[in-house]
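Q: how would this look folded up:
(chains A, B, C and D)
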4 protein chains.
Amino acid sequence: VRSAALAERYRQVRGQTCSLAARLSAEDCQIQSMPDASPTKWHLAHMTWFFETFVLEPYEPGFQPHDPAFRVLFNSYYTAVGERHPRPQRGLIGRPTLAEVLDYRTQVDARIAQLLRHPVTPAVAALLELGLQHEQQHQELILTDIKHALSCNPLHPVYSPGWPLAAVAPVPLQWMAFAGGLVEIGHAGPQAGFAFDNEWPRHKVYLEPYALAQRLSTHGEWIEFIADGGYRDPRLWLSAGWDWVQAQRIEAPLYWRRSGEDSADWHTFTLHGLVPVDPHTPIVHVSYFEADAFARWSQARLPSEMEWEHAAGQWPPQEPARCNFVETRALHPMPLAHGQSDGLAQLYGDAWEWTRSSYEPYPGFRAWSGAVGEYNGKFMCNQYVLRGGSCATPGDHVRASYRNFFPADARWQFSGVRLARDAA
Amino acid sequence: VRSAALAERYRQVRGQTCSLAARLSAEDCQIQSMPDASPTKWHLAHMTWFFETFVLEPYEPGFQPHDPAFRVLFNSYYTAVGERHPRPQRGLIGRPTLAEVLDYRTQVDARIAQLLRHPVTPAVAALLELGLQHEQQHQELILTDIKHALSCNPLHPVYSPGWPLAAVAPVPLQWMAFAGGLVEIGHAGPQAGFAFDNEWPRHKVYLEPYALAQRLSTHGEWIEFIADGGYRDPRLWLSAGWDWVQAQRIEAPLYWRRSGEDSADWHTFTLHGLVPVDPHTPIVHVSYFEADAFARWSQARLPSEMEWEHAAGQWPPQEPARCNFVETRALHPMPLAHGQSDGLAQLYGDAWEWTRSSYEPYPGFRAWSGAVGEYNGKFMCNQYVLRGGSCATPGDHVRASYRNFFPADARWQFSGVRLARDAA
Amino acid sequence: VRSAALAERYRQVRGQTCSLAARLSAEDCQIQSMPDASPTKWHLAHMTWFFETFVLEPYEPGFQPHDPAFRVLFNSYYTAVGERHPRPQRGLIGRPTLAEVLDYRTQVDARIAQLLRHPVTPAVAALLELGLQHEQQHQELILTDIKHALSCNPLHPVYSPGWPLAAVAPVPLQWMAFAGGLVEIGHAGPQAGFAFDNEWPRHKVYLEPYALAQRLSTHGEWIEFIADGGYRDPRLWLSAGWDWVQAQRIEAPLYWRRSGEDSADWHTFTLHGLVPVDPHTPIVHVSYFEADAFARWSQARLPSEMEWEHAAGQWPPQEPARCNFVETRALHPMPLAHGQSDGLAQLYGDAWEWTRSSYEPYPGFRAWSGAVGEYNGKFMCNQYVLRGGSCATPGDHVRASYRNFFPADARWQFSGVRLARDAA
Amino acid sequence: VRSAALAERYRQVRGQTCSLAARLSAEDCQIQSMPDASPTKWHLAHMTWFFETFVLEPYEPGFQPHDPAFRVLFNSYYTAVGERHPRPQRGLIGRPTLAEVLDYRTQVDARIAQLLRHPVTPAVAALLELGLQHEQQHQELILTDIKHALSCNPLHPVYSPGWPLAAVAPVPLQWMAFAGGLVEIGHAGPQAGFAFDNEWPRHKVYLEPYALAQRLSTHGEWIEFIADGGYRDPRLWLSAGWDWVQAQRIEAPLYWRRSGEDSADWHTFTLHGLVPVDPHTPIVHVSYFEADAFARWSQARLPSEMEWEHAAGQWPPQEPARCNFVETRALHPMPLAHGQSDGLAQLYGDAWEWTRSSYEPYPGFRAWSGAVGEYNGKFMCNQYVLRGGSCATPGDHVRASYRNFFPADARWQFSGVRLARDAA
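A: Down below sits the predicted model:
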């Protein structure tokens, strides 16, 4: 039974990947627009490499590699697996072609399906599940990376036609208070479903009383921040953030363009093309530096990841259901409508929420054993935790304990802001 | 009374600075060997600028600036004070000369002394105390920066003759266990003496049981780490650390030189010149990346800053007395002798101890008001906390709650390692 | 009559371009492997842009742009035409797709054909001819750029199968003497056929007596240079060349790989894949710096471009016929066979020959008027002249007065060496 | 006799160096403000190193090095002599101190004086003369390098007080025609006095008729160039020059500062401090790129070095006498007064004149034998020739055949412009 269910889930998740790529030409899939982003073709191959390397190689009887060269070409960062093609040069690999990579997917899918015709051990099932979670992470990266790539084209090419927004009335920001105290965070363990190793172990933390904004900060509020000189006042910024603003000449979120040279009439590039900035939608594509400065300007601060996770479990626990995940096909954060939510709105989906917490191991953290132990732990340095998922995240992928992480200057993810403050 | 005591303390601390610089020529004091380090002359002027700007300017009747140009020239990073000379170009300021800077010190000292002939308000007293604490921080930086500058000279010039080491027998590493639980850390507040704003407020944290090594890790243990391929095995390193090792071709701590091309016979540059590496002295001049990799290789980890501070307060509380601070004039970490300590040895002095904790605001943190509010808070990003002071720190400058911080790749401070691990 | 002949020549040259691209996938055509190289797709579009902008726009009745965005997207460096897409980002343009670019070519070709159904003015004919010469230059660049792109793929993909070499016996190097004196160089003017503006005016130069090697220097001679420590002896190198060798860690020509780590058994990447270095073929893919150092090691020097051009016109004038141009499909320099040539062998084709002459305007030089005036003149700085064409050059494209030019560190062209020396 | 004269000349030239440095403090002498410039202290030591290494070491009986470490520390670029301290780190050498370097000079001077108490061979005399010519080149570099260093100080420190300018009426630009033809350039050989190896051999060149401006271009003409948008029109610039303008955000010559943000009221930093730009003085501190663009804007061009040298020998031959060399102590280019000159004015002194000629070996060039052979030849790449000397050059140092050379973007020398054009 388990194998059959796994096979079905495998088929479904893998199929979603291909449907995301189906809107893109072979040329689109070839492009790497910066070292941090990867070509769609590389993503398609790498996800398959993951299953071939970590599932088929150890567990398929008589395993033969699909192509021995792929072991190096499509390894992302697993040093225990061996050599890797340099990350900034992923866009230089013309061959295999997209068709050959899709064939690689088909072949490996068939071999996994064959494996799943029989019952599998828990170890195999766990690796398959990890591979599917990994696949979902790369589904989001396909969207954020191609958005960046398309944004480099002065023709403003469209990934998906159909602008999803209708007019709404703005919802004022309100504060929700939380008492804190000695609480527990972290994932409850295998019996509670899948979690990455960085969500374990569940552990005690002590929280002072705090409050969170009931909704995400908006594009309209960000326009006020700009108009008030937010990008020109060093007192609002972390020192490293101010250096970044000066060196990169930052004056607005990523993808924003002025209509004219001195215009305050902002447009932004989206997966639906270039559109006017909608003031009621949640802000996205801001760095940790910007999020932190905006919070200071707002006389607030960013939440810690512990505060966020604790709040997500309160009266009643927030659930991802009916949120703006990738399945809505909006591919853009959506405005909050009046009466849409009683508690913490937009907690899941729409925009990843920067926290003030640097990405660190939980007390007692142990990385997974074997090569997959490189999955998370070795990145726990100079990165900040984001919570809650975005409009590009698969809806069944996140949970309250889920920890995403990026460096303080990263902006190409759908990263936004929920304000916090100490309780009065 | 208070004014008289303050005046005496001022005279004494300021005099220590000049005695540190007295060993250096005008040429030595001019050199800036990297953007992170400053010329001695700049330090001498900047410390004086601090008193002139934050004490004399607001509180001296009929204040006139010593030289209006100094306001820009010797401002380090206080944007609220105005423009600053670019940090990497501090070494390009030939004028004022060293003699003129020393005269600046003398003049400002006289004006402060005049101010202290009368009782001062608590606000003035607090700013003077902050200036003296600031002075002590720069005393340490004078030593670490000139060490770096001298190390760039192939003649291996000596800052201070007289090598302080005598032979000792090694002390084996032992583990000391701590129960943890819901504890408090942070400075107890003004009534408990001076503290920086980043040490406040005292607050509760929950600690899992843990153990600390009773002494610092040594140069000898580091030689083993090197010999075992520590710098060549990516599995021991954080991802960012491995990138750094590769890009910078790191293969030993800063200042180490091999005797011959392939020799394992290491020398190290010290403030006493180039000397053979002594295996029993605590390791210094390693980055956070190296400290973390070494800990992993040791099947241990770095302590968190909460663990460190909590342990420092236990049976009995460790005290800085009789530690290897700058007053010993060793200017190098000293080996632990048998029977030298019952509890946590070398907790203060010798080497700053890297913790795994990123430098973040404590819950409820408020920066000081006014321009001095830029002192600490704006650096709380992409830095790691070090604890305990070093052989270059004034002995009355540190305390259990003291938080030093540097980026993960910084090595020119006297930064070392104390191992930690989860309790069994 | 003239229009018909032009139309036929247009059809033929444009067709050659497409046949060069026909071996490449849409993915291959997308890749830009370094800022100096361009994607094949960009080349295909840019050549068409040239005809659309410089011929159709001013001369086609009722001209409408094929796509207004292409004016910016496919402009290389003509500031008078307006904005340009940044050169290093040509590989980020996924759309238009390859199919759309090929359609662009087809449409513009049809419009040019329509224009040529009627007699055209000499100005139009001249611009068309310029466009075709330009097309031929980009035909060579398609090959050199894709060679570089494919070389970045660890799979060593093949552009064209079929290795063209048969074994030959080596031909010893001999010197041919030239008397020099007051001679003329430069193109004789329009009546003598097409030439670029940089070949004009024909003018007098005074040459001291000199001698040229009768053949190109070979891969075998280069292996001797390497074995003799050529890349490790600074006395052989220009100062800037030695800096380049050190900074780039150069130890062999571009595309060479050792079989093993310390092996002297060299392979090289070619358009036919990775092959062993053949000692009798002319050396290619060396920089001016390497060519100069090799010449010094050979106790010789590089010829000046005046010497080269003067020699090319002597007893009897050398002709490009039967040389190894792109039409042989060897796509690699070919060894000289005994008895193959009486005079200066391999003067045309095989490898562009570095001269010691910096690329400067001839006395009385005038750039073409209008936007095409930017074709050549503005590059006359910090570049060196190469002469004679290569195995990737169309055979009817070069002539004795033809001046190619690249910076001193460029290696991705088929650039080689003919030695010269002062007459005894 | 010869030895006595040499000793006197040695004493005199060496003394001039010290008098140039006498205005500078130990701190000033320590500063290296960019990799291309050197600290005064390094210059002082290096010039002495030259005599010690190339004269004393081979020719002094029982030679012992003054300090063996100096061989590496003060070697500039002579690979045949051995290792060198890295050029960008010359400013990091605090020890030896300035006093120790001056003592080094005194000691070596005494040893040279001792050597010259007896007759010396022509080889020794030639090396001593080369050392003195070398010393004079570094005298100019001391001034240009310290000017750059002082310019980095926001206090605008003064090297030498006393602004030398008096008001003059402008002299209109006039053209002087030269017939050209087959002429000879280059130095006539040892019998005609000292020359560097790069001035040999004298050889024939063929010149088309040309004309030169009778005076240097002025600061006032440059202000017109700026006002006319000269720095914003890419059509005026070489491609590499335009890239440089864009990347470096160049909008005026080096050392120019606007009085206000948008002011056309220019000041410039001089060795006498910050002063208003005087419109009648020759322009200085422009790069080859700027000189070339300015010439194009002026509907003229730069002269070739052959044209310059040929013109310098005409009716009557221009002589350096009474020119504005370093001996005038103006240390700034001086305006031409009416009636000051019949022929080519300001040909010597005032400003080095950029030529269009890249720095190349003359036909038949042979570098000197031995280590001094690295003096000139290895720099013959990507540099442009300047002629005539400047206000910082010793008056007896230049001659008609003298070739100075710098990269196209260098601006910190006193480099200016004399316009040329083809004869009508």
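
Q: contacts and neighbour counts: CA atoms only from here.
A: Will do.

Q: ends of stretch A:50-63, how far apart?
A: Using Cα to Cα, to the nearest Å, the end-to-end distance of stretch A:50-63 comes to 15 Å.

Q: return the set of buried residues in it.
A: By neighbour count with 16 or more other Cα atoms under 10 Å in any protein chain shown, stretch A:50-63 contains the buried residues A:50, A:51, A:52, A:53, A:54, A:55, A:56, A:59.

Q: kindly report the same for stretch A:329-340.
A: A:330, A:331, A:332, A:333, A:334, A:335, A:336.

Q: what do you get for stretch A:69-88?
A: The neighbour-count check on stretch A:69-88 (16+ other Cα under 10 Å) flags A:70-78, A:81, A:84-85, A:87 as buried.

Q: quick check: the farthest pair among those residues?
A: A:81 and A:87 (15.5 Å; Cα to Cα).

Q: closest to chain B among the buried residues of stretch A:329-340?
A: Checking the buried residues of stretch A:329-340 against chain B by Cα to the nearest Cα gives residue A:333 as the nearest, at 27.7 Å.

Q: skip the chain neighbours and tell me the closest residue to that closest one.
A: Nearest-residue entry for residue A:333: residue A:350, 4.4 Å, with adjacent residues in sequence omitted and distances by Cα to Cα, 6 or more residues apart in numbering or on different chains.

Q: that neighbour: what's it in contact with?
A: Shown in contact with residue A:350 (Cα atoms under 8 Å, 6 or more residues apart in numbering or on different chains): A:282, A:323, A:324, A:325, A:332, A:333, A:334, A:389, A:390, A:391, A:392, A:414.

Q: again, only this time at 6 Å
A: A:324, A:333, A:390, A:391 (Cα atoms under 6 Å, 6 or more residues apart in numbering or on different chains).

Q: show me what the first one is bridged to.
A: Which is residue A:324. Beta-bridge pairing for residue A:324 (DSSP bridges): residue A:349.

Q: and the pLDDT for it?
A: Looking at residue A:324, its pLDDT reads 93.

Q: would you check that it makes contact with residue A:392?
A: No - using Cα atoms under 6 Å, residue A:324 is not in contact with residue A:392, being 8.6 Å away.

Q: more crowded one of these two?
A: Between residue A:324 and residue A:392, residue A:392 has the larger neighbour count (other Cα atoms under 10 Å in any protein chain shown), namely 30 against 26.

Q: separation between the more buried one and chain C?
A: Look at residue A:392 and chain C: by Cα to the nearest Cα, to the nearest Å, they are 22 Å apart.

Q: would you agree that residue falls within a helix?
A: No - counting by DSSP: H, G, I helix; E, B strand; the rest coil, residue A:392 is not part of a helix but coil.

Q: list phi and psi for it.
A: phi -110, psi 0 (degrees, to the nearest 10).

Q: ditto for residue A:155
A: Torsion angles, degrees, to the nearest 10, at residue A:155: phi -80, psi 0.

Q: which element is the residue of the stretch 301-424 of chain A at minimum distance from chain D on?
A: Per Cα to the nearest Cα, the residue of the stretch 301-424 of chain A with the smallest distance to chain D is residue A:409, at 23.4 Å. Residue A:409 belongs to no helix or strand when elements are defined using DSSP states H and E.

Q: state the distance from it to residue A:355.
A: Counting by Cα to Cα, the gap from residue A:409 to residue A:355 is 14 Å.

Q: out of those two, name the residue with the larger neighbour count.
A: Using other Cα under 10 Å as the criterion, residue A:409 and residue A:355 rank with residue A:355 on top: 28 against 17.

Q: hang on, that one packs against residue A:306?
A: No - Residue A:355 is not in contact with residue A:306 according to Cα under 6 Å; the separation is 9.0 Å.

Q: give me the number of residues near residue A:147?
A: Quick note: residue A:147 (other Cα under 10 Å) scores 23 neighbours.

Q: residue C:250 versus that one, what's the distance?
A: For residue A:147, the distance to residue C:250 - Cα to Cα - is 38 Å.

Q: residue A:46 too?
A: Distance, residue A:46 to residue C:250, by Cα to Cα: 33 Å.

Q: so if I had to pick from the two, which one is more boxed in?
A: Taking other Cα under 10 Å, residue A:46 and residue C:250 do not tie; residue A:46 has more neighbours (22 against 14).

Q: so the more buried one is in which element?
A: Per DSSP H and E: helix A:40-51 holds residue A:46.

Q: chain center to stretch A:368-377, what's the gap?
A: Its chain's average C-alpha position is 20 Å from that of stretch A:368-377, according to Cα atoms, centre = their mean, to the nearest Å.

Q: over to stretch A:18-31?
A: Per Cα atoms, centre = their mean, the centroid offset for stretch A:18-31 relative to its chain is 19 Å.

Q: what parts of the stretch 51-200 of chain A come near chain B?
A: On the criterion Cα under 6 Å from any Cα of the partner chain, chain B has no neighbours in the stretch 51-200 of chain A.

Q: any idea how far residue C:152 is from whichever residue of the stretch 51-200 of chain A sits closest to chain C?
A: Residue nearest to chain C within the stretch 51-200 of chain A (Cα to the nearest Cα): residue A:94, separated by 4.8 Å. Residue A:94 is 10 Å from residue C:152, where distance means Cα to Cα.

Q: which helix in chain A has the most residues?
A: The residue-count maximum for a helix in chain A (DSSP state H) belongs to helix A:122-151.

Q: quick one: contacts of stretch A:78-89?
A: Contact with stretch A:78-89 is made by A:35, A:72, A:73, A:75, A:371, as judged by Cα under 6 Å, 6+ apart.

Q: and the residues you listed, which is closest to chain D?
A: Nearest member of those to chain D, counting by Cα to the nearest Cα, is residue A:35, at 22.3 Å.

Q: in stretch A:299-312, what counts as buried?
A: By 16+ other Cα under 10 Å, the buried positions in stretch A:299-312 come out as A:300-312.

Q: send me that stretch as PDB with only the CA atoms.
A: Extracted in PDB, the C-alpha atoms of stretch A:299-312 (Å, rounded to 0.1, in the frame of the first residue of the first chain):
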ATOM      1  CA  GLN A 299       8.900  52.000  14.800                       C
ATOM      2  CA  ALA A 300       8.700  48.300  15.000                       C
ATOM      3  CA  ARG A 301      11.100  45.400  14.400                       C
ATOM      4  CA  LEU A 302      11.200  42.000  12.700                       C
ATOM      5  CA  PRO A 303       9.900  39.000  14.600                       C
ATOM      6  CA  SER A 304      12.200  36.300  15.800                       C
ATOM      7  CA  GLU A 305      11.600  32.900  14.200                       C
ATOM      8  CA  MET A 306      10.600  31.600  17.700                       C
ATOM      9  CA  GLU A 307       8.000  34.300  18.100                       C
ATOM     10  CA  TRP A 308       6.700  33.600  14.600                       C
ATOM     11  CA  GLU A 309       6.400  29.900  15.200                       C
ATOM     12  CA  HIS A 310       4.900  30.200  18.600                       C
ATOM     13  CA  ALA A 311       2.300  32.700  17.300                       C
ATOM     14  CA  ALA A 312       1.400  30.400  14.400                       C
END
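
Q: how much space separates the residue lying closest to residue A:142 once chain neighbours are set aside from residue B:245?
A: Leaving aside its chain neighbours, residue A:142 sits nearest to residue A:40 (5.8 Å; criterion: Cα to Cα, 6+ apart). Computed as Cα to Cα, the residue A:40 to residue B:245 distance reads 30 Å.

Q: I am finished for the moment; much appreciated.
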